[in-house]
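Asks: Task: produce atomic coordinates for the following.
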Amino acid sequence: MGIEWADDAAVVRLPNDSDHALVLTTDTIAPLVDDPFCFGQIAAANALSDVYAMGGTPLYALNLVFFPDDKLPLTVLVEIMNGAAATCREAGVPIVGGHTVRNGDVKFGLAVTGQIATNGNGESVLANTKATEGQVLVISKALGTGVLGTGIKSGEATTQQQAAAIASMCKLNRDALQIGRQFGVSACTDVTGFGLLGHLRNIVRGSGLCAHLDMRALPLLPGALELARAGRIPGGSKANLDFVDNMLIGRQLDNEEAELLTILAADAQTSGGLLMSFDPPQAKKACAALCESGHAAACIGELRTLKSGTSKATITLSFD
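Replies: Below is the predicted model of the structure:
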């Protein structure tokens, strides 16, 4: 599995082993917070998430460092790497090396190798192509890290709002995947840089379906709506919305709250949650189990067939 349907990671067959495949991914981000240890934690959770999104188990990681050692002391880099190491230890993933580049701006991330049992047929891989008509969409984390990150940088996010955003971004998607497996998850993607709408676009296009989103059901981080109303919307979030706009049905440009919810649905996330599809009987059970385990999960919509005579996937926004 490669780049054909914008899946979160590559899945590669192992020679002479039809029962297992490797999951390969890499991700780097710029700092969203001032604390270097916390930034390392977030960057590691963000990179590991792509393996979980494919249904895999991360095995090993390599550090990817871009650092201005002429501007910042190396103690800052040490703390970033310590934060990443702490998150990787929590995930059971050894960091076995890496690469460092002198750079004008700080960026940090991981290259991650994981594994997934395929049993010779690849059925356990949670690809964007595996959603089916009638399934319910469940998201495991609240939205708004892009807006909150902008609010943190501008000094407008409160201490409580910052803490909620950081806790969400540091949370591994490992447990969400395990719960998803328990209740028969079919397709899965992590909601990161392209926002909920961008990643949902990959699922509906890959699976040849349309989506119907209950916008009032979207879980939001504390302060996300208020900061969006104040205009603290990252450029990446605006670009995401522009990119998916031609497939949206029901957008309400003349309704401020509806438009703010649409913007937050496109908000560029860092270390966001898993977006998973379940058969209807299992979706509510999965959502309840996620909430019981400390996730801000919600059932947010359903998948439907393409309209007769069209091959275009669409996302209908409902504000009822």
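Asks: any weak-confidence spans in the protein?
Replies: 120-122, 308-309 (pLDDT under 70).
Asks: Could you list the domains of it?
Replies: According to automatic domain parsing, the chain comprises the domains 10-117, 136-318.
Asks: Turn these into a markdown table, including distance to residue 128 and mean neighbour count.
Replies: Every C-beta, even on glycine, is put in place using the N, C-alpha and C of the backbone. Formatted as a markdown table, the domains of the chain follow (distance: least, CB to CB, whole Å; neighbours: other CB atoms under 10 Å):
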| stretch | distance to residue 128 | mean neighbour count |
| --- | --- | --- |
| domain 10-117 | 10 | 19 |
| domain 136-318 | 4 | 20 |
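Asks: residue ranges for the helices of this structure, please.
Replies: Counting by DSSP state H, the chain has helices at residues 36-53, 74-91, 145-154, 159-170, 174-182, 195-207, 224-229, 235-244, 256-265, 280-292.
Asks: Tell me which residue is most central in this structure.
Replies: For the chain, the residue nearest the mean C-alpha position is residue 191 (2.5 Å; CA atoms, centre = their mean).
Asks: need the contact list for that one.
Replies: Shown in contact with residue 191 (CB atoms under 8 Å, 6 or more residues apart in numbering): 139, 141, 143, 199, 269, 272, 273, 274, 275.
Asks: so what's the first one bridging to?
Replies: When bridges are called by DSSP bridges, residue 139 pairs up with residue 275, residue 298.
Asks: Tell me who's in contact with it.
Replies: By CB under 8 Å, 6+ apart, the neighbours of residue 139 are 191, 196, 218, 219, 273, 274, 275, 276, 297, 298, 300.
Asks: and if you look at residue 262?
Replies: Shown in contact with residue 262 (CB under 8 Å, 6+ apart): 215, 241, 248, 251, 252, 317.
Asks: Quick one: closest of the helices of the chain to residue 5.
Replies: Closest approach to residue 5 among the helices of the chain (CB to CB): helix 195-207, 3.8 Å.
Asks: mind checking how far that closest one is from the chain centre?
Replies: Computed by CA atoms, centre = their mean, to the nearest Å, the separation of helix 195-207 from the middle of its chain amounts to 12 Å.
Asks: quick one, that helix and helix 36-53 angle?
Replies: Counting by axes from the mean of the first three to the mean of the last three CA atoms, to 10 degrees, helix 195-207 lies at 20 degrees to helix 36-53.
Asks: for helix 195-207, packing partners?
Replies: Here helix 195-207 touches strand 188-190, strand 210-214, helix 235-244, helix 256-265, strand 274-278, strand 298-304, strand 315-318, going by 3 or more CB pairs under 8 Å, 6 or more residues apart in numbering; DSSP states H and E.
Asks: Distance to residue 97 added to the ones you listed, as JSON lines?
Replies: Converted to JSON lines, the helices and strands packed on helix 195-207 look like this (distance: least, CB to CB, whole Å):
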{"stretch": "strand 188-190", "distance to residue 97": "25"}
{"stretch": "strand 210-214", "distance to residue 97": "41"}
{"stretch": "helix 235-244", "distance to residue 97": "30"}
{"stretch": "helix 256-265", "distance to residue 97": "38"}
{"stretch": "strand 274-278", "distance to residue 97": "28"}
{"stretch": "strand 298-304", "distance to residue 97": "39"}
{"stretch": "strand 315-318", "distance to residue 97": "41"}
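Asks: longest strand of the chain?
Replies: strand 17-29 (DSSP state E).
Asks: Which strands and helices lie in contact with that strand?
Replies: Strand 17-29 sits against strand 10-14, helix 36-53, strand 57-67, strand 107-117, with contacts defined as 3+ CB pairs under 8 Å, 6+ apart.
Asks: Could you tell me the angle between that strand and strand 107-117?
Replies: 160 degrees.
Asks: what does strand 17-29 rub up against?
Replies: Contact with strand 17-29 is made by 8-14, 42-43, 46-47, 50-51, 54, 56, 58, 64, 66, 107-120, 122, 125, 192, 270, as judged by CB under 8 Å, 6+ apart.
Asks: Try it again at 6 Å.
Replies: Around strand 17-29, the neighbours that count as contacts under CB atoms under 6 Å, 6 or more residues apart in numbering are 9-14, 43, 46-47, 50-51, 54, 56, 64, 107, 109, 111-120, 270.
Asks: cool, and stretch 56-64?
Replies: Residues from elsewhere that reach stretch 56-64 (CB under 6 Å, 6+ apart): 23, 28, 48, 51, 88, 93-98, 109-116.
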